[in-house]
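K.L.:
predicted coordinates and the sequence they were generated for:
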Amino acid sequence: MKLFDVYPLQPVTITKASGSYVWNDAGVRYLDMYGGHAVISIGHTHPHWVKRIEHQLETMAFYSNSVHLPIQEELADKLTRLSGKDNYQVFLCNSGAEANENALKLASFHNGRKKIIAFHKSFHGRTSLAVAATDNPSIIAPVNETDAVIFLPLNDAQALADCFQQNGDAISSVIIEGIQGVGGIRVANNEFLQLIRRYCDQYGAVMIADSVQCGYGRSGRFFAHDYAEIDADIYTMAKGMGNGFPVGGLLIAPHIRPKHGMLGTTFGGNPLACAAALGVLEVMESESLIPHALELSNYLMEQLRKIPQLMNIRGRGLMIGFDMPPELGTIKNRLLSEYHIFTGEAKPSVIRLLPALSLSQAQADDFLQALQQAIQTHSITTS
């Protein structure tokens, strides 16, 4: 039986990982500046995280949400302390797409409406509603097509005002990434997030902060939306939440009331997933990874701005993007093949950096040196 061929694969076979490094099947070490799509938050195979999972596996790996599972409440308490979202409720699931799917559904349950505002270049997942709110027609099947989603330009205050003025009473929710990841590291500015909050309050819509990629400390705040000093009605989480273990969740404001059966999941919130998520939060707290991410980001951005060939350097925390000129379009592949460094990309010419929050300055310097060498050697060979 063959694997269903939907992933364009890099020509590398990874067999081992630790911290900010991975190794291929020939024992060659690679610096991971991409974290497997921003999933690795505390470093590959962190010892405390491994022990947390091992202990839970030896105790009880799974039981369903039909019984009381104390580790879920332990995770909820830890999330409250680190996120600062007091009085919020937690719904646990398995992935970012599932988190956003449930958030959009919950918003519609809450206000009985159907219309959703999303933004150009957004990515919210591949399930039915989540993909409908994703600005990429190539991954929307006919069965997912809907007229319920209105796409607006990111950070366009006038377009947002006009949309609410014309459709306000029909708008169920506004879903927005604090920093668009797949869209190319495009930051939602503070004033725009504040405006969304104001219109949602005025018209009774639900503000959904998609924090699947930009959340969990990656931006230098627990949620990237926190820079705007506002509270969303729902925050969605996944990726860095489990450091590679499949887990997702929603933080839900207290005015959105639950009822039995309105949401549900078989595997969401299972004890093993909760142990992995707790391990992540415990390491983030004990190693001060959120302030470290902010401090290292300031250093990285400062150094990147000294490289004249890089354009439009942007981001927050350890979620950084920059544009490459067309003549340097092969740099990402060269960093991988010649310098053994993983980076991400967004079409057509964006390099994305999404390393573990535990990345050291020395490792950042290794990346910067390799990037400069790759640019210089490219210039020499093409001159």
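P.N.:
Nice, I can see it.
K.L.:
enumerate every residue touching K114.
P.N.:
Applying C-beta atoms under 8 Å, 6 or more residues apart in numbering, we find K114 in contact with 108, 148, 170, 172. (C-beta placed from N, C-alpha, C; glycine too.)
K.L.:
what about the nearest residue to the third one once chain neighbours are set aside, distance to V212?
P.N.:
Spatially, and ignoring its direct neighbours in sequence, A170 is nearest to K115 (4.5 Å; C-beta to C-beta, 6 or more residues apart in numbering). Relative to V212, K115 is positioned 22 Å away (criterion: C-beta to C-beta, to the nearest Å).
K.L.:
the more surrounded of those two?
P.N.:
V212 (27 against 19; other C-beta atoms under 10 Å).
K.L.:
pLDDT weak spots in the protein?
P.N.:
379-383 (pLDDT under 70).
K.L.:
which helix in it has the most residues?
P.N.:
Assignment by DSSP state H gives helix 361-382 as the longest helix of the chain.
K.L.:
of all the residues in it, which ones are buried?
P.N.:
For helix 361-382, a neighbour-count test (16 or more other C-beta atoms under 10 Å) marks 363-364, 366-368, 370-371, 374-375, 378 as buried.
K.L.:
now do the phi/psi pair for G36.
P.N.:
With angles defined as degrees, to the nearest 10, G36 sits at phi 60, psi 60.
K.L.:
the closest residue to it other than its chain neighbours: what secondary structure?
P.N.:
Leaving out its chain neighbours, the residue that sits closest to G36 by C-beta to C-beta, 6+ apart is G244, at 7.0 Å. Secondary structure assignment for G244 (DSSP: H, G, I helix; E, B strand; the rest coil): coil.
K.L.:
which ones are touching G244?
P.N.:
Contacts of G244 (C-beta under 8 Å, 6+ apart): 36, 39-40, 44.
K.L.:
looking at the residues you listed, state which has the most neighbours.
P.N.:
I40 (27 neighbours).
K.L.:
from L289, how far off is that residue?
P.N.:
From I40 over to L289 (counting by C-beta to C-beta), the distance is 12 Å.
K.L.:
between the contacts of K114, which is closest to S138?
P.N.:
Nearest to S138 among the contacts of K114 is A148, at 19.6 Å by C-beta to C-beta.
K.L.:
that closest one touches I117, doesn't it?
P.N.:
No: using C-beta atoms under 8 Å, A148 is not in contact with I117; the gap is 10.3 Å.
K.L.:
and the two? Which one has more around it.
P.N.:
I117 (26 against 16).
K.L.:
which helix or strand contains the more buried one?
P.N.:
strand 115-119 (DSSP states H and E).
K.L.:
just the CA trace of that strand, in CSV.
P.N.:
Backbone C-alpha positions of strand 115-119 (Å, rounded to 0.1, in the frame of the first residue of the first chain) are rendered in CSV as follows:
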residue,chain,number,x,y,z
LYS,A,115,-22.1,35.1,8.2
ILE,A,116,-18.4,34.9,8.9
ILE,A,117,-15.8,37.6,8.3
ALA,A,118,-12.3,36.3,7.4
PHE,A,119,-9.4,37.9,5.7
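K.L.:
that strand pairs with which strands?
P.N.:
strand 149-152 (parallel), strand 171-177 (parallel) (DSSP bridges).
K.L.:
any idea how far the residue nearest to N270 when sequence neighbours are not counted is from I53?
P.N.:
Leaving aside its sequence neighbours, N270 sits nearest to F62 (C-beta to C-beta, 6+ apart; 4.8 Å). With distances taken as C-beta to C-beta, F62 is found 13 Å from I53.
K.L.:
what sits in contact with each of those two?
P.N.:
L272.
K.L.:
which of these two has more neighbours?
P.N.:
I53 (20 against 13).
K.L.:
would you list the phi and psi of the more buried one?
P.N.:
phi -70, psi -40.
K.L.:
thought S211 was touching I234?
P.N.:
No: using C-beta under 8 Å, S211 is not in contact with I234; the gap is 9.8 Å.
K.L.:
ok, those two, which is more surrounded?
P.N.:
S211 (32 against 28).
K.L.:
got the contact list for the more buried one?
P.N.:
177-178, 223-225, 235-237.
K.L.:
any idea how far E282 is from it?
P.N.:
Taken as C-beta to C-beta, the span from S211 to E282 is 20 Å.
K.L.:
what of K85?
P.N.:
Taking C-beta to C-beta, one finds K85 at 18 Å from E282.
K.L.:
show me which of those two is the more surrounded one.
P.N.:
Per other C-beta under 10 Å, whichever of K85 and E282 has more neighbours is K85, with 21 against 17.
K.L.:
name the nearest residue to the more buried one, ignoring sequence neighbours.
P.N.:
K85 sits nearest to L251 (C-beta to C-beta, 6+ apart), 5.3 Å away.
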